[in-house]
Each structure stands twice: as C-alpha cells, then as structure tokens.
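Q: what's the 3D shape of this:
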Amino acid sequence: MADLEQARAAKERLRAALAGRPGVRGIGVAPDGDGYQLQVNVTSRTTSAVVPPAVDGVTVRVRVVGAVTASA
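A: Predicted coordinates:
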C-alpha cells in the first residue's frame, strides 16, 4: 500500500507522462484500503490502454467516465 506522500509523487509523474493525451479527463489520488492509489478518468475504454497499471509502486485504477461537459 502506498502512503499519501508516495501517491502524490506518483500522481505528478503520471500527470507528466499523460499530458496532452486525448481522452484523459483527470488524474487523482483515491483511498485504497489502508493506503492510496491513483485514479485516472478517461472518456473511453480505448484510452485506458495508454495508462500504466502502476507508477512507482502505486496502483493505478482507470475509470471510464465518458465525455466531461460544463454544467450551470
């Protein structure tokens, strides 16, 4: 299990690796049992293929959320 500091450092590395990739809508840190994991929100299942399963030992979970639009 990754602690919060490890997860935050891995998030920044993953953010840099995925910068500019179409279909990636968000990267965050989420609880995972007694530790933390990364969560990547993508628009489609095909986009999830570019996301690694782990970064620096921190598990990465991919969540297909579809298109993100602004609401009033």
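
Q: ranges for the strands of the protein?
A: Assigned by DSSP state E, the chain shows strands spanning 24-32, 35-42, 54-55, 58-64.

Q: hey, which of those strands is tucked in deepest?
A: Highest mean neighbour count of the strands of the chain: strand 35-42, a mean of 21 (counted as mean count of other CB atoms under 10 Å). Any C-beta I mention is one placed from the backbone N, CA and C, and that applies to glycine too.

Q: for the record, mean pLDDT for it?
A: Averaging pLDDT along strand 35-42 yields 97.

Q: Just the C-alphas of stretch 18-29, formatted as PDB.
A: Extracted in PDB, the C-alpha atoms of stretch 18-29 (Å, rounded to 0.1, in the frame of the first residue of the first chain):
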ATOM      1  CA  LEU A  18      -0.100  11.500 -19.800                       C
ATOM      2  CA  ALA A  19       0.000  15.300 -20.600                       C
ATOM      3  CA  GLY A  20      -1.700  16.100 -23.800                       C
ATOM      4  CA  ARG A  21      -3.200  12.600 -24.300                       C
ATOM      5  CA  PRO A  22      -6.600  12.800 -25.800                       C
ATOM      6  CA  GLY A  23      -9.300  11.200 -23.700                       C
ATOM      7  CA  VAL A  24      -7.600  11.600 -20.300                       C
ATOM      8  CA  ARG A  25     -10.000  13.800 -18.300                       C
ATOM      9  CA  GLY A  26      -8.500  13.700 -14.800                       C
ATOM     10  CA  ILE A  27      -5.900  12.200 -12.500                       C
ATOM     11  CA  GLY A  28      -6.400  12.000  -8.800                       C
ATOM     12  CA  VAL A  29      -5.500  10.200  -5.500                       C
END
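
Q: what's the burial count for residue 17?
A: When neighbours are defined as other CB atoms under 10 Å, residue 17 has 13 of them.

Q: related to what we said a few turns ago, which among the strands of the chain is found nearest to residue 13?
A: strand 54-55 (5.6 Å; CB to CB).

Q: ok so, going back, any chance of a markdown table for the strands of the chain, columns distance to residue 3?
A: Below are these laid out as a markdown table (distance: least, CB to CB, whole Å):
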| stretch | distance to residue 3 |
| --- | --- |
| strand 24-32 | 11 |
| strand 35-42 | 6 |
| strand 54-55 | 14 |
| strand 58-64 | 10 |
